[in-house]
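**Q** whatever this is, show me its structure:
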Amino acid sequence: MTTAEFTLPFATEHATPIAGSLKERPEDFEVEELAAYEPSGDGEHLFVWFEKQSLDTKEAVRRLARALDVDVRDAGVAGLKDRHAITRQWASFHRGDPARLDGQDLDGVRVLSAARHGNKLRTGHLRGNRFRIRLRGAPASRRDDAAALLASLAAHGVPNYYGEQRFGRDRDNATRARAWIVEGGRPPREPFERKLLVSAWQSELFNVLCAARVAERSHGRVIDGDLCRKDDTGGMFVVTDLEEAQERASRFEISATGPMFGIEMRWPEGEARRREEAVLSAAGLDRDALARFARSGEGTRRPYRVKLGEPTVESDPDGLTFGFTLPAGAYATIVLREITRS
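**A** All right, here's what the predicted structure looks like:
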């Protein structure tokens with residue numbers, strides 16, 4: 001079974017959903033990067049902190065590179081941000097001169113600050129993102145319910161599902177990947193497209209296993225043989241003492257991880273491994289077959305849950321506004337689906 005064939009279960013099925021509409025206006029969805037580090041003030045890369053509206057990140061970076069008169073191919077970003085939103089993020093530009101940004105009208109891009117640093121900004125160079133999202137039409141009378149729902153997610157963790165964005169505009173990238181990897185079809189010609197399809201296929205199988213954990217209320221717990229990730233260092237270990245590991249999981253010191261299947265992926269043991277091998281087999285592959293797409297996706301691990309931080313709910317005549325933080329790689333849309341059930 002794939003995630004295209006069933007609805008991902010909710011972690012907050014006990015709560016009554018809150019109705020309203022999302023993203024009616026760009027200002028209804030605000031995202032701000034939480035940087036992994038601040039620019040040092042010295043170096044040949046110019047780090048630009050900017051705000052954009054109604055633009056995707058690539059176009060905003062192109063406009064900044066044009067204003068700086070530098071090659072956009074040397075630019076770097078920590079992550080891509082939604083087009084239909086107001087977002088604040090960093091980008092780096094090799095040998096950029098901040099004086100060139102003075103007085104520039106970049107149409108949808110506003111420079112907030114700029115400072116030099118010694119290295120290029122690369123994908124993943126961020127701790128997470130801070131969100132501020134308005135649910136228009138949500139009644140003020142549901143504010144306490146909304147606060148309780150966010151508190152539950154903060155206490156137990158948000159299911160770390162991949163959002164729909166991962167699977168392509170027509171949601172067929174995983175299907176196309178299976179046609180190549182499982183059914184022996186012709187692979188895409190371009191390496192980038194092969195990686196894109198493999199990533200969608202890996203993500204779909206992760207969602208299947210994550211959904212099973214959510215359904216049995218174990219995405220925030222550990223089971224026999226789980227390969228857990230340490231929150232502070234990212235180090236991983238196989239659970240041998242369930243009681244001790246569960247105490248650490250309850251404090252968000254560790255979280256159980258699921259597979260992004262690949263030949264170099266580390267496997268769990270015991271019951272956790274049995275479940276992962278069963279899903280891989282149901283998908284038509286075994287561990288040896290993972291070598292067929294090793295260059296397009298070597299495999300890794302992903303926590304089954306993520307921590308929702310700094311939850312807030314505000315009410316105004318237009319609806320309810322939710323504030324929270326998520327670590328890098330997590331999807332705000334997954335929090336919103338828990339709130340609205342849509």
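**Q** show me where the stretch 151-300 of the chain has its helices.
**A** For the stretch 151-300 of the chain, the helices defined by DSSP state H, counting those that start in this stretch cover 173-181, 191-215, 242-250, 270-282.
**Q** least confident of those, on average?
**A** Of all these, helix 173-181 carries the lowest average pLDDT, namely a mean of 85.
**Q** picking up where we left off before, of all the helices of the stretch 151-300 of the chain, which one is nearest Lys307?
**A** Closest to Lys307 of these is helix 242-250 (Cβ to Cβ; 11.5 Å). To be clear about C-beta, it is placed using only N, CA and C from the backbone, and glycine gets the same treatment.
**Q** from the contact counts, what lies against that closest one?
**A** Applying 3 or more Cβ pairs under 8 Å, 6 or more residues apart in numbering; DSSP states H and E, one finds that helix 242-250 contacts strand 254-260.
**Q** what does the strand it packs on contact?
**A** With Cβ atoms under 8 Å, 6 or more residues apart in numbering as the contact definition, strand 254-260 has outside contacts at 157, 202-203, 205-206, 209-210, 213, 218-223, 226-231, 236, 239, 245, 248-249, 265, 267-268, 272, 276, 280, 297, 299-306.
**Q** put the buried members of these into a PyMOL selection.
**A** Filtering those down to the buried ones (16 or more other Cβ atoms under 10 Å) takes a single PyMOL command:
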select buried, resi 157+202+203+205+206+209+210+213+219+220+221+222+223+226+227+228+229+231+239+245+248+249+265+267+268+272+276+280+297+299+301+302+303+304+305+306
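**Q** nearest to Arg337, out of the helices of the stretch 151-300 of the chain?
**A** When the helices of the stretch 151-300 of the chain are compared by Cβ to Cβ, helix 191-215 sits nearest Arg337, at 11.9 Å.
**Q** the closest residue to Pro268 other than its chain neighbours and Leu285, how far apart?
**A** Nearest residue to Pro268, sequence neighbours excluded (Cβ to Cβ, 6 or more residues apart in numbering): Leu227, at 4.0 Å. Per Cβ to Cβ, to the nearest Å, Leu227 is found 20 Å from Leu285.
**Q** just the buried positions in stretch 35-50, please.
**A** Neighbour counts using 16+ other Cβ under 10 Å place Ala35, Pro39, His45, Leu46, Phe47, Val48, Trp49, Phe50 of stretch 35-50 among the buried residues.
**Q** just to revisit the earlier point, can you redo the helices of the stretch 151-300 of the chain as JSON lines with distance to Arg142?
**A** Putting the helices of the stretch 151-300 of the chain into JSON lines (distance: least, Cβ to Cβ, whole Å) gives the following:
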{"stretch": "helix 173-181", "distance to Arg142": "35"}
{"stretch": "helix 191-215", "distance to Arg142": "24"}
{"stretch": "helix 242-250", "distance to Arg142": "29"}
{"stretch": "helix 270-282", "distance to Arg142": "37"}
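**Q** distance of Gln89 relative to Leu280?
**A** 36 Å.
**Q** now do Gly184
**A** 17 Å.
**Q** point out where the protein drops to low pLDDT.
**A** Scanning the chain for pLDDT under 70 picks out the ranges 1-6.
**Q** repeat that for 50
**A** 1-5 (pLDDT under 50).
**Q** quick one, domains of it?
**A** According to automatic domain parsing, the chain comprises the domains 21-25+128-152+310-340, 37-123, 158-306.
**Q** what's the local residue count around Trp201?
**A** Neighbour count for Trp201, taken as other Cβ atoms under 10 Å: 28.
**Q** hang on, it packs against Ala177?
**A** Yes - counting by Cβ atoms under 8 Å, Trp201 touches Ala177, with 3.6 Å between them.
**Q** who's in contact with the spatially closest residue to Arg66 that is not a sequence neighbour?
**A** With sequence-adjacent residues excluded and distances taken as Cβ to Cβ, 6+ apart, Arg66 is closest to Val72, at 7.7 Å. Shown in contact with Val72 (Cβ under 8 Å, 6+ apart): Val61, Arg62, Ala65, Arg66.
**Q** buried set for the helix or strand where the second one lies?
**A** If I follow you right, that is Arg62. Element membership for Arg62 (DSSP states H and E) is helix 57-68. Along helix 57-68, these residues count as buried under the neighbour rule (16+ other Cβ under 10 Å): Thr57, Ala60, Val61, Arg63, Leu64, Ala65, Ala67, Leu68.
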